[in-house]
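Peer 1: no sequence for this one, just the structure:
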């Protein structure tokens, strides 16, 4: 029966080719634009580490002054001071947690002919790699000892390895970061989480750092922060040591807390730390507190997707509604014009249900055609985005969810829109059309 | 035009398609007016006067990796050599570039004590004493920097004593309008305001601080530093092409990032706004097109369905213009209902945007303009089918369909 309905539908659509094209075009435009907006929204709101999202936590401390206001929903700054980060990293050694910040170096090989390149670098501990599932091509993270005693060791990315050496296992070799030689201990596989959830300070879609060095080096070696440095206190910072001791907020802090018990332990430790700092009169606020947020909460908290994206999705779906209303009108017109035929079919014994089903199949087919064309439109729209806007490469690849969503949304929306016209046509009394006009 | 009552009665016979067209018009009006308003807001932002000759200033960042380079001295050498080029107007090492999206802001007070002070953040640009010429700033009150006022900021102790600020910052910190000659304070550093410039935007175009800018005569001793060059109009590309080589020839113990004009940096800073306006423009254009086609399609359908009635009316003496007028009036009636509903819907949508997305209140001009636009589009969409209807021969009345 279904295939017969399909045949009928094709015949019917062919017989009114102009209206059909108009409807398919309308649905395709609606689907094309709403899918473009939805993909943009979906990819920017992507959780790049969804499998561990509930185990990884961004750590925040309300350490600012009693009258400081912060541009976050709960008035707590996103970053920590260096001293807090350094204090926290030494506690709870049985759990994995790490401070980090972004810096950068000019990178050279020992080959004097090699023109130095500038690369950003993440200063962190060895836990970073296992916490965020960064895989190694060669070698591995530096050892625990290196995290405690300043040693010039470095992990580099596959991209930098290719740039410096043209690929291959180069662990054990030395490179210059600025004027200091570092030994390569590991080379990571290419790793580009989008959004860059662990540090959203300078735009959530920046590239990942290509160098990783031990956090402990910051105290012996004056590493400038290449991220945000937010001060709230009236304090002069004339040199690096003063910056390390200052209340300037510039480090990120993450913890991996796989179980509820770990989360409780860590939260308790944070509140203990906060009250200790309050006693020392460093944390001035009465509402000083420590907070942890998992990856998804962190992305939401930082509004990584952005208001614009939601507005675009809302507007484009309203646009889709207009396209569908348009199609309902045209379908109604088309179906009612076909009513005399339906009258004859009904008189010959077709049930209302059959007439209804037949018309819905026709609508569904229309939706499918519109959806497929819409998918092509969306693909075109996303390539335009990719080509005209820097840093939007990641949205141009529709993932499987979006790929399936387009025809499904198109078919279900048009079928929904088609219910009324189909119902109208199947409830017409056959007798009317059996009379001659 | 005077037969509204029969037209209305005829419409009521065919409620569902009328309701659908009304809905479509209402939604279109609501979406288009709000989208147009958002577009206008963004375009206004993007077209704000930055106060800087954006296309004539070339900026770059560089990183001195060798500790043995005397950075501040090298920056002065760079400046001298670059200035020797015939098409260069001004050049300086600088801590940040305007409209680039990254840089420094400081907090300033209007008095030494915190208690009771007026405070404001401001983007701070530190360069050589010709920094006002670099940014082509007219000093409306006071004067520009003198060479002897410039300091080399290699330790905390060397701080400039004077500052030039924008009118916007002066208004914020000195509402009485007597800023010139007064001091502003950052932490414990005092700066005397020796000049006030009309307008200069800072590095963050989306920040409320964007119009609040401070110029300081200071060269910083920082490994990572920027360099800005103002060239004669039309020479920016030449400069961009050659500047890396020129600077590396002077000192190669540094990495020099590719240069670009402030205009390009501005474009990048406004990229998301451009994305938003482009997408909304596409939505508006396609939406109007679809709505027009839909209305035309419905009218064609109505005309076809009513062929016999039209023929009969013509046979009974209705003129072509009567028939044309009939359909035009019918569509105007439908449009009118759609518009009333659309205005309500537009305000509801705007209210939603204001509540959840800190949008501004929609001005009635946008609804008005959209309304006029939609009426024009509808009448155009109806005109051709109505014209076709008017050409239906009266003879058709005698035929049986």
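Peer 2: That came through fine. All figures in this text were calculated on a predicted structure; none of them were measured in a lab.

Peer 1: check the secondary structure at residue B:227 for me.
Peer 2: Three-state secondary structure (criterion: DSSP: H, G, I helix; E, B strand; the rest coil) places residue B:227 in strand.

Peer 1: kindly state the beta-bridge partners for it.
Peer 2: In this structure, residue B:227 bridges to residue B:60, residue B:93 when assessed by DSSP bridges.

Peer 1: now do the longest helix along chain B: distance to the chain's middle.
Peer 2: Using DSSP state H to define each element, chain B has its longest helix at helix B:320-357. Its chain's average C-alpha position is 29 Å from that of helix B:320-357, according to C-alpha atoms, centre = their mean, to the nearest Å.

Peer 1: which secondary structure elements does it contact?
Peer 2: Packing partners of helix B:320-357 (3 or more C-beta pairs under 8 Å, 6 or more residues apart in numbering or on different chains; DSSP states H and E): helix A:307-337, helix B:4-13, helix B:15-46, helix B:271-305, helix B:307-315, helix B:364-390. (Each C-beta comes from the backbone N, C-alpha and C, glycine too.)

Peer 1: can you lay out the ones you listed as JSON lines showing mean neighbour count, mean pLDDT and distance to residue B:57?
Peer 2: Compiled in JSON lines, the helices and strands packed on helix B:320-357 are given as follows (neighbours: other C-beta atoms under 10 Å in any protein chain shown; pLDDT from 0 to 100; distance: least, C-beta to C-beta, whole Å):
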{"stretch": "helix A:307-337", "mean neighbour count": "23", "mean pLDDT": "88", "distance to residue B:57": "29"}
{"stretch": "helix B:4-13", "mean neighbour count": "12", "mean pLDDT": "75", "distance to residue B:57": "63"}
{"stretch": "helix B:15-46", "mean neighbour count": "22", "mean pLDDT": "90", "distance to residue B:57": "18"}
{"stretch": "helix B:271-305", "mean neighbour count": "20", "mean pLDDT": "88", "distance to residue B:57": "19"}
{"stretch": "helix B:307-315", "mean neighbour count": "18", "mean pLDDT": "85", "distance to residue B:57": "68"}
{"stretch": "helix B:364-390", "mean neighbour count": "18", "mean pLDDT": "86", "distance to residue B:57": "36"}
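
Peer 1: distance to residue B:345 for those - can I get that in JSON lines?
Peer 2: Converted to JSON lines, the helices and strands packed on helix B:320-357 look like this (distance: least, C-beta to C-beta, whole Å):
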{"stretch": "helix A:307-337", "distance to residue B:345": "10"}
{"stretch": "helix B:4-13", "distance to residue B:345": "21"}
{"stretch": "helix B:15-46", "distance to residue B:345": "4"}
{"stretch": "helix B:271-305", "distance to residue B:345": "14"}
{"stretch": "helix B:307-315", "distance to residue B:345": "34"}
{"stretch": "helix B:364-390", "distance to residue B:345": "10"}
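
Peer 1: so which of the ones you listed gets nearest residue A:15?
Peer 2: Of all the helices and strands packed on helix B:320-357, the one in closest proximity to residue A:15, counting by C-beta to C-beta, is helix A:307-337 (9.4 Å).

Peer 1: report how many residues lie close to residue 344.
Peer 2: Because you didn't say which chain, this covers chain A. 13 (other C-beta atoms under 10 Å in any protein chain shown).

Peer 1: the chain in question should be chain B.
Peer 2: Residue B:344 is flanked by 13 other residues according to other C-beta under 10 Å.

Peer 1: give the contact list for it.
Peer 2: With contacts defined as C-beta atoms under 8 Å, 6 or more residues apart in numbering or on different chains, the neighbours of residue B:344 are residue B:26.

Peer 1: and of the helices and strands packed on helix B:320-357, who's closest to residue A:216?
Peer 2: Between residue A:216 and the helices and strands packed on helix B:320-357, the tightest spacing by C-beta to C-beta is seen for helix B:271-305, at 38.2 Å.

Peer 1: sounds good, over and out.
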